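K.L.:
Got a sequence here, can you build the structure:
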Amino acid sequence: MAAQGDSNSNFLYKTFLEHFHGIAFCLNQQQRLFFLTGAVEQITGYSYRELLGHQANWSTLLHPHDRTRWSKLLDQTATPQLPISAEFRLLKKDQQICWVLISLQKIIKEDQEYWQGI
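P.N.:
Numbering: from 1, shown residues only. Okay, the predicted model is just below:
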């Protein structure tokens, strides 16, 4: 019975992520994406492969005028705490601007430190 419940939970989780109209992501200390799901191509114009293959990193997606604020946001999350939210401009692949609300939290787990956000 528990296995069936786990299977259903996994299905619901996978379905949620596939149809999420936003982007969920994880960034390492170098601001490289290592997890990415959601409406990535619709929002950024980049494919999963381009972003996860390091052809573009997170900071290059940010509008140049927002990069300093982004760095300050990362500094504010130096210790794990509740997520911090802020609006930023992303530069899509075609250079159009897309406003996004990002909720970011630093995760420290065993010997790994990274940020997760939506």
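K.L.:
From Tyr48, how far out is the nearest residue to Glu87 once chain neighbours are set aside?
P.N.:
Excluding the flanking residues, the one nearest Glu87 by CB to CB, 6 or more residues apart in numbering is Leu101, at 5.3 Å. C-beta coordinates here come from the backbone N, C-alpha and C atoms, glycine included. Taking CB to CB, to the nearest Å as the measure, Leu101 falls 21 Å from Tyr48.
K.L.:
out of the two, which sits in the busier spot?
P.N.:
Just comparing Leu101 and Tyr48: by other CB atoms under 10 Å the higher neighbour count belongs to Tyr48, 14 against 10.
K.L.:
what about the strands in this structure?
P.N.:
Under the criterion DSSP state E, the chain carries strands at the ranges 23-27, 33-38, 84-91, 97-109, 112-117.
K.L.:
Give me the pLDDT for the residue nearest to Glu87.
P.N.:
At Leu101, the model reports a pLDDT of 95.
K.L.:
Over to Val40?
P.N.:
Looking at Val40, the pLDDT reads 90.
K.L.:
hey, what's the residue most central in space within the chain bridged with?
P.N.:
Ranked by distance to the mean C-alpha position of the chain (CA atoms, centre = their mean), the top residue is Phe25 at 2.5 Å. Here Phe25 sits in beta bridges with Leu36, Gly117, as judged by DSSP bridges.
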